[in-house]
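In: show me how the following folds:
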Amino acid sequence: METRNIELRLLRYFVTVAEEMHFGRAAGRLAMTQPPLSQAIRALEDMLGVALFVRTKRSVELTPVGKDLLPEVRRLLAGADALRPLAQSLARGEAGVLSLAFVSTADYGLLPLLLRDFGARYPGVRLQLVEATSDVQVEELVAGRIDAGLVIPPLLPRHAVALSYLPIAREPLVIAMSSDAAAELGQGAQEWSQTPVSLHQLADAPLVVFPRRLAPGFYDIIMGCYGAAGLMPRVGQEAIQMQTIVSLVSAGMGVALVPQSLRHLRRTGVVYRPLLESGPVVETGLVWRAAEVSPVLAGFIDIVRTHAATVPALP
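Out: Residues are numbered from 1 along each chain as shown. Predicted structure coming up:
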């Protein structure tokens, strides 16, 4: 008989006999008679092709192979016993893996809040996090390589039908500028001030911005802000990560329009100011494949919905 046909029942019999070192007592623990137990152990030995016990009329002892095999069998049975509770946890979304991508703008406000709440409710779920631009996230979603993503809309039209989107938060844009530029405007050197700055005051400063091909939604919001003020910005530098954009601002390479939560990204020589011009906001939302919602993902979506309901909408 092949080892692939070994039943867990036979392995449990082996462990019980090894613990009792007596077929009669082992049979009593297993609520069976001794002859069927002896036959079962013989069948297991035949399957494995080795003797597990040395039997005499007076004693039962484990063979050297039996002694070495016993801890391995115990580990195997422990794993089998854990299957049912694991399966139940997976079905409830309390265990498993969630692969989540996020835009860099979410890393300084929205993402930590969601991960904190999700981790508190589902501590048994393992998170796989990756930072990516919105366009890359959509492609990864469609290919099935991630479960969900925090993106800046709009979605690509050719993928919109296959994906679900849930808006989470909208926040105003603020100006990130060097402390030297702030000093020239008569602003203080503090990292954040409620004193607004007009785009017209910075019209000659180069703009540091995401490339449109990688973040069309965010790029168009920024350009629309300048356009509404009657200005045409001069793009000085492009970068695909917020950390890089803010670092370029600190080096005096220009100014940037960033979500208000980026105030938490502190860089020496960078200050943040609200815009005098009203209206420019950036939205962040969750996107996932509409036809594939695992229990783990459903739990995360529930966290997102709860958070979205508590965030006041901006005009």
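
In: just give me how far the helix or strand hosting Y226 sits from the chain centre.
Out: Assigned by DSSP states H and E, Y226 belongs to helix 216-228. Remark: helix 216-228 is offset 29 Å from the chain centroid, using C-alpha atoms, centre = their mean, to the nearest Å.

In: which parts of it are buried?
Out: For helix 216-228, the neighbour count (16 or more other C-beta atoms under 10 Å) marks 216-219, 221-223, 225-226 as buried. (C-beta placed from N, C-alpha, C; glycine too.)

In: how about stretch 235-255?
Out: By neighbour count with 16+ other C-beta under 10 Å, stretch 235-255 contains the buried residues 237-239, 242, 245-250, 253-255.

In: is it true that M47 touches I6?
Out: Yes. Contact criterion C-beta atoms under 8 Å: M47 and I6 qualify, at 5.4 Å.

In: just the buried residues of helix 216-228 now: which is nearest L163?
Out: Using C-beta to C-beta, G217 comes nearest to L163 of the buried residues of helix 216-228, at 14.5 Å.

In: just checking, the closest one touches P153?
Out: Yes. Assessed by C-beta under 8 Å, G217 is found in contact with P153 at 5.4 Å.

In: pull up the overlap in contacts between those two.
Out: Common contact partners of G217 and P153 (C-beta atoms under 8 Å, 6 or more residues apart in numbering): S134.

In: ok, the closest residue to F23 other than its chain neighbours - contacts?
Out: Nearest in space to F23, with sequence neighbours left out and distances taken as C-beta to C-beta, 6 or more residues apart in numbering, is Q34 at 5.1 Å. If you count contacts by C-beta under 8 Å, 6+ apart, Q34 has them with 23-24, 27.

In: any stretches of this protein with poor pLDDT?
Out: The model of the chain has pLDDT under 70 over residues 1-5, 86, 89-90, 93-95, 155-161, 311-315.

In: ok now the longest strand along it, how far from the chain's centre?
Out: Identified as the longest strand of the chain according to DSSP state E is strand 163-178. How far strand 163-178 lies from its chain's middle: 20 Å, per C-alpha atoms, centre = their mean.

In: same thing with stretch 175-195?
Out: Relative to its chain's centre, stretch 175-195 lies at 36 Å (C-alpha atoms, centre = their mean).

In: surely P196 and L202 touch.
Out: No. P196 is not in contact with L202 according to C-beta under 8 Å; the separation is 11.9 Å.

In: show me which of those two is the more surrounded one.
Out: Taking neighbours as other C-beta atoms under 10 Å, P196 and L202 compare with L202 leading, 21 against 14.

In: list the contacts for the residue lying closest to that one once chain neighbours are set aside?
Out: With C-beta to C-beta, 6+ apart as the criterion, L202 has its nearest non-adjacent residue at 5.3 Å, and that residue is V255. Contact partners of V255, counting by C-beta under 8 Å, 6+ apart, are 175-178, 181, 202, 205-208, 249.
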